[in-house]
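Colleague: structure of the sequence below:
(2 chains, ligands or ions: 2)
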Amino acid sequence: MIKIENFPRILPFLQMFKEGIGVTVLLSLCTVLIGFALALVLAVMRMSNFRPFLMLAHAFPKVFGFFERDKEGLKLDSGFLYHMGRFNPFSFLATAYVEIIRSTPVLVQIWIIYYGVFNAIKLPAFKLFGFIAFNRFLPGAVTLGINSAAYLCEIIRSGMQSVDGGQTEAARSLGLKQLQNLRYIIMPQALKNILPAIANEFVTIIKESAIVWTIGVADIMAAVNAVKGATYIIMEPLIVAAGIYFCLCFPTSKLIAYAERRMRRGDVR
Amino acid sequence: MATSGKIIEVKDLKKYYNRGAIKALDGVTVDINKGDVAVVIGPSGSGKSTFLRSLNLLEDPTAGSILFEGVDITKKKYTKAEDSTGRTVTVKVDVDQHRQKMGMVFQHFNLFPHMTILDNMTLAPVKVKGMSKKEAEEKALALLDRVGLKDRAGAYPIQLSGGQKQRVAIVRALAMEPDVMLFDEPTSALDPEMVGEVLDVMKGLAKEGMTMVVVTHEMGFAREVGNRVLFMDGGKLLEEGSPTDIFEHPKHPRLQDFLSKVL
Ligand SMILES: Nc1ncnc2c1ncn2[C@@H]1O[C@H](COP(=O)(O)OP(=O)(O)OP(=O)(O)O)[C@@H](O)[C@H]1O
Ligand SMILES: [Mg+2]
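Modeller: Ligands and ions are numbered 1, 2, ... in the order given. Just a heads-up that it's a prediction; the model follows:
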């Protein structure tokens, strides 16, 4: 089925493959940036301490005190009203976001965003660096960013929770506010712990970016399709594509593993 | 501020878990006066840590009140307090602000491992009090000098021994210039040969007139440095008095029993 003599027939499409690699790499980088920024916001939302019903109870204890205390004036520690009091809309929204994204296929997400959202927002149709169609590239990067943000958020959150609770207690006892605690104490320690998981996610992004071909982004898979359309050979260009993806992902994960080992070494002082 | 020598007034403080199935604190009433070195003793699970942690609201009490310098800090928003002329006024409660005035030292030090000793000490003064970096560093170095660790300012916590870590933790809290220092078993995680160096720092503090609440199993420290000893059992404050009262003439049978086991 795979014929060696078919490989030279791919050569005329070399430029497309080269541009496809450029698109895939750039797309992955944009995705990570968008995804990580969004994930940080989501993680902080989930760790935040904004509880409007409790705030009501504190501001108007006579009227809304029932969110905090029972009839004898004892603080609630369970039950419906207790959980209402602790309801945090930011955390709820972020959790809903994470669960919805993680429970729907990325293909559905990318089509909804491309055909739905970016149908309403008209993007200028210029070419980035002369070969990247901006009005397709951006929806692709945005969707992949939105998608990976959900996974990265979970990674960041578990990293923050893995930091010893005594750290937060020490920070709060010194008078640091919750956001200062997250920023100066928890985040720096969490990031170190979760670097491997983030690296993993980065490699996943490179691979999953292949899906943007379905909205017409000229990535590596678009080159494969072009070969198929013009020459009716499919296995050979696919082998080439697989090789390219491997060459992008494998060194990346090795590089990150190396960087991580070095950071570890710095730890043992 | 309100009344004369009282710095903390605890009234009928309760902390329940599981809808009252566990009563970690079951109605504790006690005043801490300026300059007190109050040592809290009692068997394991008697609520000593819960009591101490409630004082700066690391635990959220189920009921009761804690007046810190005349302000009820268990009220989340506004509370009534007396001003200097004795009039009752409504004041805004800011937990973070009150926590700055209560330094806390933990059993497991809880130094920030990703920061140098100096950064550990300057973070809160700079970020919370708005002190300039330079001033904060000068003060931190002076404090480190006091506990003999000035030359370790650039080190990371992992490079220090347990006793050194705890001395840093104490001066880190002091860098915020608190009115009260809370200690929760500060020597329990230390190798025996390091207990002395930490207790010495605490003794020095007591001599300077720092108000201290100390949970400890070091009965020697309680006797020698404390001016009051509080005995807790089952979430209640069963007996309190001078070290002589408590150790020489214990009244409550539970205290007698406890002392017979630890002394
Ligand atoms: N988060 C919690 N959930 C349920 N029960 C708790 C919780 N925290 C503390 N308790 C219970 O409250 C009681 C008092 O605990 P606390 O830690 O204050 O005791 P302690 O006097 O400090 O003991 P130790 O000397 O062992 O440190 C114990 O029975 C403990 O099991
Ligand atoms: Mg304890």
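Colleague: show me where the stretch 101-250 of chain A has its helices.
Modeller: For the stretch 101-250 of chain A, the helices defined by DSSP state H, counting those that start in this stretch occupy A:106-111, A:118-120, A:134-162, A:165-173, A:178-180, A:187-208, A:220-231, A:235-267.
Colleague: ranking these by burial, who's on top?
Modeller: helix A:134-162 (a mean of 21; mean count of other C-beta atoms under 10 Å in any protein chain shown). In this view, the C-beta of every residue, glycine as well, is placed from N, C-alpha and C.
Colleague: is chain B within reach of it?
Modeller: No - using C-beta under 8 Å from any C-beta of the partner chain, helix A:134-162 never reaches chain B; the gap is at least 13.2 Å.
Colleague: quick check: mean pLDDT across that helix?
Modeller: The average pLDDT for helix A:134-162 rounds to 92.
Colleague: how many residues are close by the residue of chain A found nearest ligand 1?
Modeller: Going by C-beta to the nearest ligand atom, ligand 1 is nearest to residue A:77 of chain A, at 9.2 Å. Around residue A:77 there are 17 other residues, counting by other C-beta atoms under 10 Å in any protein chain shown.
Colleague: let me know whether it touches residue B:17 as I believe.
Modeller: Yes - counting by C-beta atoms under 8 Å, residue A:77 touches residue B:17, with 6.6 Å between them.
Colleague: buried stuff in the worst-scoring helix or strand of chain B on mean pLDDT?
Modeller: The helix or strand of chain B with the lowest confidence, counting by mean pLDDT, DSSP states H and E, is strand B:78-82 at a mean of 76. By 16 or more other C-beta atoms under 10 Å in any protein chain shown, the buried positions in strand B:78-82 come out as B:79, B:81.
Colleague: lowest mean pLDDT across the helices of the stretch 101-250 of chain A, which one is that?
Modeller: Among these, helix A:118-120 scores lowest, at a mean of 81.
Colleague: mind listing residues that contact it?
Modeller: Contacting residues not belonging to helix A:118-120 are listed as A:135, A:138-139 [C-beta atoms under 8 Å, 6 or more residues apart in numbering or on different chains].
Colleague: what pLDDT is listed against residue B:91?
Modeller: At residue B:91, pLDDT is 78.
Colleague: who are the neighbours in contact with it?
Modeller: The contact partners of residue B:91, by C-beta under 8 Å, 6+ apart, come to B:71, B:78-81.
Colleague: just say helix, strand or coil for it.
Modeller: For residue B:91, the secondary structure call by DSSP: H, G, I helix; E, B strand; the rest coil comes out as strand.
Colleague: list the beta-bridge partners for it.
Modeller: For residue B:91, the beta-bridge partners are residue B:79 (DSSP bridges).
Colleague: now it: how far from residue B:35?
Modeller: Plainly put, residue B:91 is 25 Å away from residue B:35 if you go by C-beta to C-beta, to the nearest Å.
Colleague: just residue A:170 next, same as before
Modeller: According to C-beta to C-beta, residue A:170 and residue B:35 sit 26 Å apart.
Colleague: next: residue B:255.
Modeller: Using C-beta to C-beta, residue B:255 is found at 25 Å from residue B:35.
Colleague: which of the helices or strands spans whatever residue of the stretch 1-150 of chain A ends up closest to chain B?
Modeller: Closest approach between the stretch 1-150 of chain A and chain B, counting by C-beta to the nearest C-beta: residue A:58, at 3.7 Å. Using DSSP states H and E, residue A:58 falls within helix A:52-59.
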